[in-house]
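S.K.: sharing a sequence plus its predicted fold:
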Amino acid sequence: MGYSEKDFYRTLPAAIGEYRYTKNRPIVTITHPDESHVLTLNVVPLPDRVLGHIRIERVEVNFRFRDFSTDERDRFMACFDLRFQRGGG
């Protein structure tokens, strides 16, 4: 993802909606309010991507869904992706 680690964690609460999370770097545990299913993220800073004079900070994020139905996973990811989109042209 084209985010610094700081920006990723700043955006995360809006991206997960009603879910709760705990952070124990590099692991983020995201839990549904009724604790019926859990998502684990592994968030690892990567070297900046350099394009000419432009530097883009990056993090690698790996998702591990546990006890999510396909519909629950798709709804979660739709919200997550929407919140992490950036404007552009």
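M.R.: Received it, and whenever you're ready, just let me know what you need. Numbering: from 1, shown residues only.
S.K.: distance of residue 12 relative to residue 69?
M.R.: To residue 69, residue 12 is 23 Å away according to CB to CB, to the nearest Å. No exception for glycine: its C-beta is placed from N, CA and C like everyone else's.
S.K.: ok, which stretches of this structure are helices?
M.R.: Listed in chain order, the helices of the chain (DSSP state H) span 5-16, 70-84.
S.K.: to residue 59, which of those lies closest?
M.R.: helix 5-16 (5.2 Å; CB to CB).
S.K.: tell me what that closest one is packed against?
M.R.: Secondary-structure packing of helix 5-16 (3 or more CB pairs under 8 Å, 6 or more residues apart in numbering; DSSP states H and E): strand 20-24, strand 38-51, strand 54-66, helix 70-84.
S.K.: could you redo the last one with a cut-off of 10 Å?
M.R.: Counting contacts by 3 or more CB pairs under 10 Å, 6 or more residues apart in numbering; DSSP states H and E, helix 5-16 packs against strand 20-24, strand 27-31, strand 38-51, strand 54-66, helix 70-84.
S.K.: in JSON lines: the ones you listed, plus mean pLDDT.
M.R.: Converted to JSON lines, the helices and strands packed on helix 5-16 look like this (pLDDT from 0 to 100):
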{"stretch": "strand 20-24", "mean pLDDT": "96"}
{"stretch": "strand 27-31", "mean pLDDT": "98"}
{"stretch": "strand 38-51", "mean pLDDT": "97"}
{"stretch": "strand 54-66", "mean pLDDT": "97"}
{"stretch": "helix 70-84", "mean pLDDT": "95"}
